[in-house]
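Chemist: build the 3D model from these lines:
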Amino acid sequence: MGELKVVAMDMDGTLLTASQDILPYTRKVLMQLQKQGVSLLLASGRDIDSLQRIGEKLDLSHYPQSGYICLNGLEIYDATGNQLHQEKKLQYEDALVLARQAKLYHIDMILFFESCLYILEYGKSSIVQHHFTSSTKYQVNNVEDIPYQEFQDLRKVAFIQSAEVIEKVLPKIQEENKNHFDICKVEPEWVEINPYGLNKGTALQKYANIKNIPIQHIMAFGNGENDIEMLKIAGKGIAMGNSFENVKYVADDICEDNEHEGIGLYLQEYLKKQISE
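Modeler: Numbers count the residues shown, from 1 in each chain. Just a heads-up that it's a prediction; the model follows:
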């Protein structure tokens, strides 16, 4: 890896704790790095509004080279929230195909739109009820029950079911859809779906091109399957201690978990080594 110029980070299970906090030591190290000219790139399945709220805690808007990868790579924004790039998102027809899969395998499905979300409870997992308490949400029986105009901006689709069921059926779903969708386990009970061939890795490469930063100067941290391509393409890919095994397998290194200052400790140690060499 060359000189560190960008730190790219997933949010849930990586930068953020289970209670959605950035731990104090990690925040201190990241703020210090920005002052030294290192950019921060927040990369997540979340949308820009949600990511900017986290970015505010790190004063991202004061550092022009910093930015955001949203919706698992479908959108890229600069530090102040101006869109730099957008890919084609999932369409109505895709939602119909995915709903058939969800029904077949008894999985709950959530469709995220600009101002609300729709839930299809084919799995009756009751897991959905613990999420999105502040969002406007509607329960429907079929994709056809959702107003068609909503599909002008289908942000993303998620599958939710118990960890045991996901473990069992996900390989089948991935195999059946391997040339149509990118289907990744983000948490043991949570799967996110992207158009085929689009992910945080492809977005990281685009961001590097737009900002004219060689990819080997970027270090990336992640914990879920939707981080794999980003960890592989970055100059150095670091898996969190709480990552899935297949994420640890592709990483160049492993750090402490997200509840124990994993990113902050790793970066501090890395920089110490760089100085002493």
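
Chemist: dump the residue contacts of the most centrally placed residue in the chain.
Modeler: Taking Cα atoms, centre = their mean, the centroid of the chain lies closest to residue 44, which sits 2.7 Å from it. With contact taken as Cβ atoms under 8 Å, 6 or more residues apart in numbering, residue 44 is in contact with 10, 11, 12, 50, 51, 68, 69, 70, 72. Where you see a C-beta, it was placed from the backbone N, CA and C, and this is true even at glycine.

Chemist: CSV for these, including pLDDT?
Modeler: CSV is the format used below for those (pLDDT from 0 to 100):
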residue, pLDDT
10, 98
11, 97
12, 96
50, 93
51, 96
68, 98
69, 98
70, 98
72, 97
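
Chemist: follow-up on the earlier one: and the residue nearest to the centre of the chain, how far from residue 190?
Modeler: Residue 44 is 13 Å from residue 190, where distance means Cβ to Cβ, to the nearest Å.

Chemist: ok, now residue 105?
Modeler: Counting by Cβ to Cβ - residue 105 and residue 190 are separated by 15 Å.

Chemist: those strands in the chain, which residues are they?
Modeler: Secondary structure of the chain, counting by DSSP state E: strands at 6-9, 39-43, 67-70, 75-78, 83-86, 108-113, 117-121, 137-139, 154-160, 181-187, 190-195, 218-222, 236-239, 253-254.

Chemist: TSV for those strands, including distance to residue 56 and mean neighbour count?
Modeler: Formatted as TSV, the entries for the strands of the chain read as follows, by distance: least, Cβ to Cβ, whole Å; neighbours: other Cβ atoms under 10 Å:
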stretch	distance to residue 56	mean neighbour count
strand 6-9	15	26
strand 39-43	11	26
strand 67-70	12	28
strand 75-78	14	21
strand 83-86	18	14
strand 108-113	22	22
strand 117-121	23	20
strand 137-139	25	13
strand 154-160	21	22
strand 181-187	23	21
strand 190-195	24	22
strand 218-222	20	28
strand 236-239	24	24
strand 253-254	29	14
